[in-house]
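Colleague: Need a 3D model of the sequence below.
(one chain, ligands or ions: 1)
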Amino acid sequence: MNKRSFIKSGILGIGAMFAAPVLAKNSVFGVFKKSGTPEFKLPDLPYAYNALEPYIDEQTMTLHHSKHHAGYTQKFNAAVKAEGIQAKNAREILMNVSKYSEAVRNNGGGYFNHKLYWNVMSPNGGGTPGGDLLDAINGNFGSFDNFKEKYSTAAKTIFGSGWAWLIIQNGKLKITTTPNQDSPLMDIVDERGIPIMCIDVWEHAYYLKYQNRRAEYVDAFWNIVNWNFISEKFTKKINEVI
Ligand code: MN3
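Modeller: Model prediction:
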């Protein structure tokens, strides 16, 4: 080794000495960020885009999932990252949403609400629920028909964009509505509870097929309600408190 190459490798060696701790620090920070700041993925639909025809059309489902829900998911991730939010999951963020920005409230709600909405519908849905859920519906609303009527009215009469919900609140079933992308899980809504059923009444959910006739979309919704999913959720969540 001549003098020149010794100096060169010496400088590289010093460089490596400095580089090593920097890399180590970055990788530790990387692990920390991975476990602390969650990253959310757009979930796949549990059925094909055309599976809910003729009640909800393929084009609406395609745009609603691949554009709207994808947009909420991407903006939710951006906001969570920008604000350095650390949480186990989206539910934890929504339950403490008053601490965060409007972007987290709107896009976090959009991310979470649509995930439930896709599962509340099924091409094999419709009919009536059974078991414990039916007993609870009868107990809280008098009859299934009465529940259906009240839920439909709530969904049809929301002013502007929002959601109608069936929630568990203090062990009882309750119908509520929220504006925009607010969720019953959020610590800023009037009626908090565990959501087990929802319908999206934003115009993007029905306008291509039903135009201004929201009531027809709400009436059609009953043909695709996934009572198996909602019953299972009810049984799992009945003893949860928020
Ligand atoms: Mn929507």
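Colleague: Let me know the distance separating residue 41 from residue 73.
Modeller: For residue 41, the distance to residue 73 equals 7 Å [Cβ to Cβ, to the nearest Å]. For glycine as for every other residue, the C-beta is placed from the backbone atoms N, C-alpha and C.
Colleague: sorry, that was for residue 160
Modeller: Using Cβ to Cβ, residue 160 is found at 23 Å from residue 73.
Colleague: Looking at these two, which one has more neighbours?
Modeller: residue 73 (23 against 9; other Cβ atoms under 10 Å).
Colleague: Now do that one, the pLDDT please.
Modeller: pLDDT recorded at residue 73 is 98.
Colleague: now residue 211
Modeller: pLDDT, residue 211: 98.
Colleague: And for the one 4 residues further on?
Modeller: The per-residue pLDDT reported for residue 215 equals 98.
Colleague: Give the closest residue to it in space, chain neighbours not counted.
Modeller: Spatial nearest neighbour of residue 215, excluding adjacent residues (Cβ to Cβ, 6 or more residues apart in numbering): residue 156 at 5.0 Å.
Colleague: Can you name the residues of the protein sitting close to the ion?
Modeller: Residues of the chain that fall close to the ion, judged by Cβ under 5 Å from the ion: 200, 202.
Colleague: give me every residue that touches the residue nearest in space to the middle of the chain.
Modeller: With distances taken as Cα atoms, centre = their mean, residue 112 lies nearest the centre of the chain, 1.1 Å away. Residues near residue 112 by Cβ atoms under 8 Å, 6 or more residues apart in numbering: 90-91, 94, 183, 185.
Colleague: Mark which of those residues are buried, thanks.
Modeller: The neighbour-count criterion (16 or more other Cβ atoms under 10 Å) marks 90, 94, 183, 185 among the contacts of residue 112 as buried.
Colleague: mind listing the helices for this protein?
Modeller: Assigned by DSSP state H, the helices in the chain fall at 3-36, 58-63, 70-82, 90-95, 102-120, 131-141, 144-156, 207-210, 214-221, 227-237.
Colleague: Check the average confidence over stretch 111-128, would you?
Modeller: 98.
Colleague: Please shift the residue numbers so they start at 27 in all later answers.
Modeller: Understood, numbering begins at 27; the last thing we discussed is stretch 137-154.
Colleague: what residues does stretch 255-268 touch?
Modeller: Residues from elsewhere that reach stretch 255-268 (Cβ under 8 Å, 6+ apart): 121, 145-146, 148, 155-159, 162, 192, 194, 196-197, 211, 218-220, 222-223.
Colleague: Stretch 165-175 too?
Modeller: By Cβ under 8 Å, 6+ apart, stretch 165-175 touches 154-155, 160, 163-164, 176, 198-201, 248.
Colleague: Please state the offset of that stretch from the chain centre?
Modeller: In terms of Cα atoms, centre = their mean, to the nearest Å, the centre of stretch 165-175 is found 26 Å from the chain centre.
Colleague: again with stretch 256-268
Modeller: Stretch 256-268 sits 17 Å away from the centroid of its parent chain (Cα atoms, centre = their mean).
Colleague: Looking at the residue of the chain found nearest the ion now. What's its pLDDT?
Modeller: Nearest residue of the chain to the ion: residue 226, at 4.2 Å (Cβ to the ion). Note for residue 226: predicted pLDDT of 99.
Colleague: who's in contact with it?
Modeller: Listed by Cβ under 8 Å, 6+ apart, the contact partners of residue 226 are 90, 139-140, 143, 189.
Colleague: Kindly report the same for residue 240.
Modeller: By Cβ under 8 Å, 6+ apart, the contact list for residue 240 reads 181-182, 227, 232.
Colleague: Which residue ranges make up each domain of the chain?
Modeller: With domains defined by automatic domain parsing, the chain comprises 84-146, 157-263.
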